[in-house]
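>>> coordinates only, no sequence provided:
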């Protein structure tokens, strides 16, 4: 058996504006990445995606073409943001990309169905499936995701020992 030298995984790749991506990952044509953003290994960022400043996109996340993430968005590992409600439509005019508001948090292994926007400072709990718009400053979880509490209640629970 012959030993094959493969490139190292987990290599840090500097992007413009202090952003960083961890190889291997994919950044689609026409996409933009804001200052001080980090994109994890195995993440797939589709074409014409806009990612704001200081976002954190964890490994193996999938962000479909045309999605918009505003500043300070956290996307957990294996999270999936879709753009085609009836796949495979093959018709980009039917796509409804997702818009994620500033400071939103998407937990690991979440799925956001095409066209379901996420409001500012909202939280989608790990493993959840979002099938409708998530209003600003609310915390939702489950399959399908439903309201659990406000963001202020969530923050209080995070800080209580």
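Perfect, thanks for sending it. Remember, it's a predicted structure, so these values are computed and weren't measured experimentally.
>>> let me know the pLDDT of the nearest residue to residue 35 once chain neighbours are set aside.
Nearest residue to residue 35, sequence neighbours excluded (Cβ to Cβ, 6 or more residues apart in numbering): residue 17, at 4.0 Å. In short, each C-beta sits where N, CA and C put it, glycine included. Note on residue 17: pLDDT of 91.
>>> need the three-state assignment for residue 17.
helix (DSSP: H, G, I helix; E, B strand; the rest coil).
>>> the helix or strand of the chain with the lowest mean pLDDT: how far from the chain's middle?
Every helix and strand in the chain was compared by mean pLDDT, DSSP states H and E; the lowest is strand 11-14, with a mean of 89. Mean-position distance between strand 11-14 and its chain equals 19 Å (Cα atoms, centre = their mean, to the nearest Å).
>>> that one packs against which elements?
Here strand 11-14 touches strand 20-23, going by 3 or more Cβ pairs under 8 Å, 6 or more residues apart in numbering; DSSP states H and E.
>>> partner strands of the next helix or strand after the strand it packs on, parallel or antiparallel?
Later in the chain than strand 20-23, the nearest helix or strand by DSSP states H and E is strand 26-27. Paired with strand 26-27 in the same sheet, following DSSP bridges, are strand 44-45 (parallel).
>>> now what about the strand it pairs with, what contacts it?
25, 26, 27, 28, 31, 33, 39, 51, 57, 61, 62, 63 (Cβ atoms under 8 Å, 6 or more residues apart in numbering).
>>> most neighbours, which of these?
residue 63 (30 neighbours; other Cβ atoms under 10 Å).
>>> quick one: that one and residue 48 touch, right?
No: counting by Cβ atoms under 8 Å, residue 63 does not reach residue 48; the two are 10.9 Å apart.
>>> out of the contacts of strand 44-45, the closest to residue 72 would be?
residue 51 (11.0 Å; Cβ to Cβ).
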